[in-house]
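Participant: got a predicted structure here, sequence first:
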Amino acid sequence: MSEHISTKFDAELEAVRSRVSQMGGLVENQLARLGAAMFSGDTRELETVMRSDYKINALEVEIDELCTHIIAVRQPVASDLRMIMTVIKTITDLERIGDKAEKIARMTLDIGRQDGLQVSRFNELRAMMDKVLDMVRQALDAFARLDTTVAPVVAERDKEIDRDFDGITRLLITHMMENPRNISTALDILFVAKAIERIGDHATNITEYIVYMVRGKDVRHVTPEELNQVAGGAR
């Protein structure tokens, strides 16, 4: 490959990474606005979060097309191919985070129109939202810096989110048992909690892709000990 072609290829790869960072910024902003609006009862902001999802979807399509072009024209191998595959997987998870945010906003609006339980009553949900937003920020920062050491940290936070979800499930069951009229709304709030929990899963996925890109090893479904060893090992 000539130096001219190589330089152009490197520029294309960097452009793709830049677009992923842009998409990640939109997702992060969407989550931050959602976290504030769902507990303040700001219906306009919730509606804005719902409408902004199309921007994230459009970027996913654009980046996917760029990656397809690079694969077809450049035929990348080794670390370059791993980078493209990581980008394709990462934008899929980012798009799904955006979808979850849109659904949470819509469900929060629906709950607000009902009598009975309200999302704002549950500090447990607020804590979960704060944690997953931090996880997404960590994952995006790790992508920008190609930092594999973040993966075990985010994986551990994901376990906390799972425990938080179990806790709010038990709390909502108690509310339903105490007052059967709360069952419908409690189930809606449980849906919100599950969507938040899934955002944590997607953030975890992104950090695992980074390990694959940098280390060349698939760390999905490995033990925490194996993840620590691979993520912190020598390149």
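Facilitator: In hand now; what should we look at?
Participant: lowest-confidence helix or strand of the chain?
Facilitator: helix 3-40 (a mean of 89; mean pLDDT, DSSP states H and E).
Participant: what packs against that one?
Facilitator: With contacts defined as 3 or more Cβ pairs under 8 Å, 6 or more residues apart in numbering; DSSP states H and E, helix 3-40 has these neighbours: helix 43-51, helix 53-74, helix 78-112, helix 123-145. In this view, the C-beta of every residue, glycine as well, is placed from N, C-alpha and C.
Participant: right, so of those helices, which gets closest to Gly24?
Facilitator: helix 123-145 (4.1 Å; Cβ to Cβ).
Participant: any idea of the angle the closest one forms with helix 3-40?
Facilitator: Here helix 123-145 runs at an angle of 170 degrees relative to helix 3-40 (axes from the mean of the first three to the mean of the last three Cα atoms, to 10 degrees).
Participant: buried stuff in the very next helix or strand once past helix 123-145?
Facilitator: Using DSSP states H and E, the helix or strand that follows helix 123-145 in sequence is helix 150-178. Using 16 or more other Cβ atoms under 10 Å as the burial criterion, the residues of helix 150-178 that qualify are 150-152, 154-155, 157-158, 161, 164-165, 168-169, 171-172, 175-176.
Participant: one step back: compare the helices and strands packed on helix 3-40 and give me the one nearest Tyr212.
Facilitator: Nearest to Tyr212, of all those, is helix 78-112, at 6.3 Å by Cβ to Cβ.
Participant: what average pLDDT does that closest one get?
Facilitator: The pLDDT scores in helix 78-112 average 95.
Participant: could you shift the numbering so residue one becomes 36, and keep it that way?
Facilitator: Noted, 36 is the first residue going forward, which turns the last one into helix 113-147.
Participant: packing partners of it?
Facilitator: helix 38-75, helix 78-86, helix 88-109, helix 218-250.
Participant: include mean neighbour count and distance to Gly147 when you put the ones you listed into JSON lines, please.
Facilitator: Shown next, in JSON lines, are these (neighbours: other Cβ atoms under 10 Å; distance: least, Cβ to Cβ, whole Å):
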{"stretch": "helix 38-75", "mean neighbour count": "17", "distance to Gly147": "9"}
{"stretch": "helix 78-86", "mean neighbour count": "17", "distance to Gly147": "7"}
{"stretch": "helix 88-109", "mean neighbour count": "16", "distance to Gly147": "19"}
{"stretch": "helix 218-250", "mean neighbour count": "22", "distance to Gly147": "10"}
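Participant: in CSV: these, plus distance to Ile139.
Facilitator: Formatted as CSV, these follow (distance: least, Cβ to Cβ, whole Å):
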stretch, distance to Ile139
helix 38-75, 6
helix 78-86, 8
helix 88-109, 11
helix 218-250, 5
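Participant: among these, which is nearest Met170?
Facilitator: Met170 lies closest to helix 218-250 among those, at 4.0 Å (Cβ to Cβ).
Participant: which element follows that closest one toward the C-terminus?
Facilitator: Assigned by DSSP H and E, the successor of helix 218-250 is helix 259-267.
Participant: buried residues in that following helix?
Facilitator: Residues 262-263, 265-266 are the ones in helix 259-267 that count as buried (16+ other Cβ under 10 Å).
Participant: pull the distance from that helix to the chain's centre.
Facilitator: Here helix 259-267 is found 21 Å from its chain centre; the criterion is Cα atoms, centre = their mean, to the nearest Å.
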